[in-house]
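>>> here is a sequence together with a model predicted from it:
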Amino acid sequence: MNAPRQPERKPRLDPDGDDRPGERAFTPTLLVTLAWYAVPMFVYLAWVLAQAPVDQTCADSGCTVAGRLSAAVSGGWAWTLSALTASLLVAVLLRLPRAGWRAGVAGSAAAILGAGLVTVVLRTAGWVI
């Protein structure tokens, strides 16, 4: 008697085969990378709003919500946007091969590598972060 035959499975990383659906989808990777910046930013801004205004900073920027937010964001927006741009570029580069990195892993790695790269470049250039 012959046993029922199992369909032949392709190896997971088949270089000659087609990609699985969504294998090179850039959108999930970019969204994970963006989340690594957006979530801490919203937590930080909520923390800034929850703190009581300090008289010294109120004299400089005003005690309004917009004044407190602009004072909190003004110091680090250039570094943050540079790091986000570098991270998004690294995320695209990590997803270019046909197989390998998944969206969550590539997005997380891209956020870490992009922020580290920008920090090293800006510190080498003499900027105080």
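Nice, thanks for sending it over.
>>> mind giving me the packing neighbours of the longest helix along the chain?
Under DSSP state H, the helix in the chain containing the largest number of residues is helix 26-50. Counting contacts by 3 or more Cβ pairs under 8 Å, 6 or more residues apart in numbering; DSSP states H and E, helix 26-50 is packed against helix 65-74, helix 77-95, helix 103-124. Yep, even glycine has a C-beta here, placed from its N, CA and C like the rest.
>>> now for the ones you listed, which one comes closest to residue 52?
helix 65-74 (10.4 Å; Cβ to Cβ).
>>> show me which residues of that closest one are buried.
By 16 or more other Cβ atoms under 10 Å, the buried positions in helix 65-74 come out as 68, 72.
>>> which strands and helices lie in contact with it?
Applying 3+ Cβ pairs under 8 Å, 6+ apart, one finds that helix 65-74 makes contact with helix 26-50, helix 55-61.
>>> mean confidence score for that helix?
For helix 65-74, mean pLDDT rounds to 79.
>>> what does stretch 37-52 give?
In this model, stretch 37-52 has a mean pLDDT of 88.
>>> can you give the contact residues for it?
65, 68-69, 72-73, 80, 83-84, 87, 111 (Cβ atoms under 8 Å, 6 or more residues apart in numbering).
>>> one more pass at 6 Å, please.
The set of residues external to stretch 37-52 that reach it, using Cβ atoms under 6 Å, 6 or more residues apart in numbering, is 72, 84.
>>> please export the C-alpha coordinates of that stretch as CSV.
The C-alpha trace of stretch 37-52 is given here as CSV (Å, rounded to 0.1, in the frame of the first residue of the first chain):
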residue,chain,number,x,y,z
TYR,A,37,10.0,57.8,16.7
ALA,A,38,6.3,58.7,17.0
VAL,A,39,5.4,56.8,20.2
PRO,A,40,8.3,58.2,22.3
MET,A,41,7.6,61.7,20.8
PHE,A,42,3.9,61.6,21.9
VAL,A,43,4.9,60.2,25.4
TYR,A,44,7.4,63.1,25.7
LEU,A,45,5.0,65.7,24.7
ALA,A,46,2.3,64.4,27.0
TRP,A,47,4.9,64.5,29.8
VAL,A,48,5.8,68.1,28.9
LEU,A,49,2.1,69.1,29.1
ALA,A,50,1.6,67.2,32.4
GLN,A,51,4.4,69.1,34.1
ALA,A,52,3.6,72.3,36.0
